[in-house]
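Trainee: Here's a sequence, model it:
(2 chains)
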Number of protein chains: 2
Amino acid sequence: MGPDLTPPTPGVPTMLDLGLDAARLTEDLVNIESVSGNEGAIADAVEQVLVGLNHLTVQRFGNTLVARTDQGRAERVVIAGHLDTVPLNDNLPARRDANGNLHGLGTCDMKGGVAIALRTAASMPVTNRDVTYLFYECEEVEAERNGLFLLSQSHPELLEADFAILMEPSDAVVEAGCQGTMRVDVVTRGERAHSARSWKGVNAIHAAAEVLARLNAYQPRRPVIDGLEYHEGLNAVFISGGVAGNVLPDECVVSVNYRFAPDRSEDEAAAHMREVFDGFEVTVSDSAPAAMPGLSVPAAAAFVEAVGGTVNPKFGWTDVARFSALGVPAVNFGPGDPHLAHKQEEFVPLAHLESVERQLRTWLGEGG
Amino acid sequence: MGPDLTPPTPGVPTMLDLGLDAARLTEDLVNIESVSGNEGAIADAVEQVLVGLNHLTVQRFGNTLVARTDQGRAERVVIAGHLDTVPLNDNLPARRDANGNLHGLGTCDMKGGVAIALRTAASMPVTNRDVTYLFYECEEVEAERNGLFLLSQSHPELLEADFAILMEPSDAVVEAGCQGTMRVDVVTRGERAHSARSWKGVNAIHAAAEVLARLNAYQPRRPVIDGLEYHEGLNAVFISGGVAGNVLPDECVVSVNYRFAPDRSEDEAAAHMREVFDGFEVTVSDSAPAAMPGLSVPAAAAFVEAVGGTVNPKFGWTDVARFSALGVPAVNFGPGDPHLAHKQEEFVPLAHLESVERQLRTWLGEGG
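Mentor: Have a look, this model is predicted:
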């Protein structure tokens, strides 16, 4: 773990060595640049090592890989991670600091989790549950390109399981469920006029004062579900209006993002938005459902117990909602601080890599 | 004035005939397309007819023309109009309707006024005041390209006069002075955060609610100056903010246009903006001074009396403010409804062309 390690040359496809520890393997994965849409090299590298493992059946769909054990166990679990990252931000290659952290694009979100899943896949031919390992493309971009979404449409049978673990950064503890997210455009209308004779028109931007006042007055709910306190939020994320420097604008659009707890459906969330912005034009422009924590399902409860019992609510939206929609209870459990995802300075603590891998392996029967 | 007139082919430079009546001449001028920056053809056509008139000294600067009489009169007056138009909007060539109106780009703003000035220049070699006729480029675009502005910088002596008439559309009556205009950016600041954990940030768009509330509460002044009631206005003309669909924005900019009466200087207007938006960042992004009506100046008073005594205040900003800044009292007096300027459906009533020309000629001594 010292600075004597020679980093691979970034950009050159790396032959992965699954015998390396999770820290070294994460470093190698990080140095294979894989911004969304450019996952070919990393998917090739992952496929190459997986197909060499006799206990796995490997299938590839685009740059998404599915590797399954078939031991005839009573239970099956999905262990999933995405291979892509957000765009480069002068944060490659990976580098270690003196405090035991690995820095660089994708260290936190989420090649640390991918490294752990790959090592587990390689080194545990026998597990107490059958496992479907899933490494997928395009999680950081629009849903239509998301490898997990595409697989759920083309081969839903490959995602059948009793439980799923999404190895997104969750501070190395379980984050359960996820809040839904909805974007609505709240539109105000006016009537154009020359600004030198403004009494002849109606200013649509001025009319947005009431929209912003309602946002300021809004009290977000904090419902407790399965013992977890969620925390909703209602925020303007864009505002725009204006025609010319001398014209009263006839339209102003406030784009509002509503993050809603898992006890609310998308329909209920949309109805709530129409209620909050009663009197204005409200159009839903984007929506993704929440996921219930689902901790009462036996497979989920067993997992939580195995990893120490600590569970936090997940505030952000993640692909656990896709599993939830397929009827598969799912949690987030991975190394790294979720607040660092998408930040230039993202990093993963090596201690997280170690503890998450150990807990996962124990749960899958190692040493049992 | 019937439909038997053959319209000139648009786009083909026209040999102007200053013997035509003002309506025909306006039509010919309108059909020489001259969107700002493209005044070469119309300036050529105007220069060609002016240089043939022995009683005028003609000078050209870019696409701006100055033509002066030198009769040694005690008084000198500027009669000015711009040659350019706003962009085409499917409103060429010119066409007449059955109600005695001429439609098309530039009919109202302001080739009707230009036609009257050209006819007067051609047919009145003797006037009771010396006249400086001015036909200039780029009035509809940024000040730095404005032909009148450029001339005021390079040859201010050519603009020396006791009085100026700007033949902008003013409903064929005198509109005196003009209101100033200032644009200020009012900026709110916040702190970015992921919208799924909005309590970790501060939303700058929400903070703009107070800016909009102040705009809604604002009571514009209506001061009476030289007997004319001006009417101020304070309006948001643009608003923008937003980083991404899942991020609390850290900045929101409200661009506010203040139209201020001629009793207020630009400095006073800026101070007033800082007072109205006290507590926010306020930056002046654009400013043009108001012009006092100046009706107490003898040359102005005589003109007003000669054209019937009716005077309205000018709410919009016009180049009269440039004359005012040069110490030359100036009024707007031209054919056409100023509310139609810059509109697709602009037109000029032929009756305006007739009455404005007649009043101008009478004032310059015709029949006296």
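Trainee: who in the stretch 51-200 of chain A is up against chain B?
Mentor: A:179, A:181, A:183, A:194-200 (C-beta under 8 Å from any C-beta of the partner chain). In this view, the C-beta of every residue, glycine as well, is placed from N, C-alpha and C.
Trainee: Closest one of those to residue A:128?
Mentor: Using C-beta to C-beta, residue A:179 comes nearest to residue A:128 of these, at 32.2 Å.
Trainee: Pull out the buried residues from the residues of the stretch 51-200 of chain A next to chain B.
Mentor: Using 16 or more other C-beta atoms under 10 Å in any protein chain shown as the burial test, those include A:179, A:181, A:183, A:194-198 as buried.
Trainee: and those residues as a markdown table, adding secondary structure and distance to residue A:20?
Mentor: Formatted as a markdown table, those follow (DSSP: H, G, I helix; E, B strand; the rest coil; distance: C-beta to C-beta, whole Å):
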| residue | secondary structure | distance to residue A:20 |
| --- | --- | --- |
| A:179 | coil | 36 |
| A:181 | strand | 37 |
| A:183 | strand | 42 |
| A:194 | strand | 70 |
| A:195 | helix | 66 |
| A:196 | helix | 71 |
| A:197 | helix | 73 |
| A:198 | helix | 69 |
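Trainee: would a markdown table of those residues with pLDDT be doable?
Mentor: Shown next, in a markdown table, are those (pLDDT from 0 to 100):
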| residue | pLDDT |
| --- | --- |
| A:179 | 95 |
| A:181 | 95 |
| A:183 | 96 |
| A:194 | 88 |
| A:195 | 92 |
| A:196 | 92 |
| A:197 | 90 |
| A:198 | 93 |
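Trainee: What is the nearest of those to residue A:304?
Mentor: Set against residue A:304, the nearest of these by C-beta to C-beta is residue A:179 (19.2 Å).
Trainee: my read: the closest one touches residue A:232, true?
Mentor: Yes. The pair residue A:179 and residue A:232 passes the contact test of C-beta atoms under 8 Å, sitting 7.0 Å apart.
Trainee: which residues are common contacts for these two?
Mentor: Counting by C-beta atoms under 8 Å, 6 or more residues apart in numbering or on different chains, the contacts common to residue A:179 and residue A:232 are A:259-261.
Trainee: In CSV, list the residues of the stretch 51-200 of chain A next to chain B along with distance to residue B:23.
Mentor: Listed next are these as CSV, based on distance: C-beta to C-beta, whole Å:
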residue, distance to residue B:23
A:179, 69
A:181, 63
A:183, 56
A:194, 27
A:195, 32
A:196, 29
A:197, 28
A:198, 34
A:199, 33
A:200, 29
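Trainee: so where's chain A shaky on pLDDT?
Mentor: For chain A, residues meeting the criterion pLDDT under 70 lie at A:1-14.
Trainee: And for it, the residue most distant from the center?
Mentor: Distance to the chain centre peaks in chain A at residue A:197, reaching 51.1 Å (criterion: C-alpha atoms, centre = their mean).
Trainee: How much space separates that one from residue B:297?
Mentor: Look at residue A:197 and residue B:297: by C-beta to C-beta, to the nearest Å, they are 26 Å apart.
Trainee: One more: residue A:195?
Mentor: For residue A:195, the distance to residue B:297 equals 29 Å [C-beta to C-beta].
Trainee: OK, contacts around the residue farthest from the centre of chain A?
Mentor: The contact partners of residue A:197, by C-beta under 8 Å, 6+ apart, come to B:231, B:233, B:315-316, B:339.
Trainee: before we move on, what about residue A:22?
Mentor: Taking C-beta under 8 Å, 6+ apart, we find residue A:22 in contact with A:112, A:115-116, A:119, A:353-354, A:357.
Trainee: ok, now residue A:111?
Mentor: Applying C-beta under 8 Å, 6+ apart, we find residue A:111 in contact with A:26, A:29-30, A:81, A:85.
Trainee: now with 10 Å?
Mentor: For residue A:111, the contacting residues are A:25-32, A:34, A:42, A:81-85, A:94, A:102, A:104-105, A:118, A:167, A:335-336, A:348, by C-beta atoms under 10 Å, 6 or more residues apart in numbering or on different chains.
Trainee: Of the residues you listed, keep whichever come out buried.
Mentor: A:25-32, A:34, A:42, A:81-85, A:94, A:102, A:104-105, A:118, A:167, A:335-336, A:348.
Trainee: out of these, which are inside strands?
Mentor: Counting by DSSP state E, the part of the buried ones among the contacts of residue A:111 found in strands is A:81-82, A:102, A:348.
Trainee: ok, stretch A:239-257 near chain B or not?
Mentor: Yes. Counting by C-beta under 10 Å from any C-beta of the partner chain, chain B has neighbours in stretch A:239-257: A:239-249, A:252-257.
Trainee: For residue A:133, pull up the helix or strand it's in.
Mentor: Assigned by DSSP states H and E, residue A:133 belongs to strand A:130-136.
Trainee: Would you indicate which residues of the very next helix or strand once past that strand are buried?
Mentor: Heading C-terminal from strand A:130-136, the first helix or strand you meet, by DSSP H and E, is helix A:147-154. Residues of helix A:147-154 classed as buried by neighbour count (16+ other C-beta under 10 Å): A:147-152.
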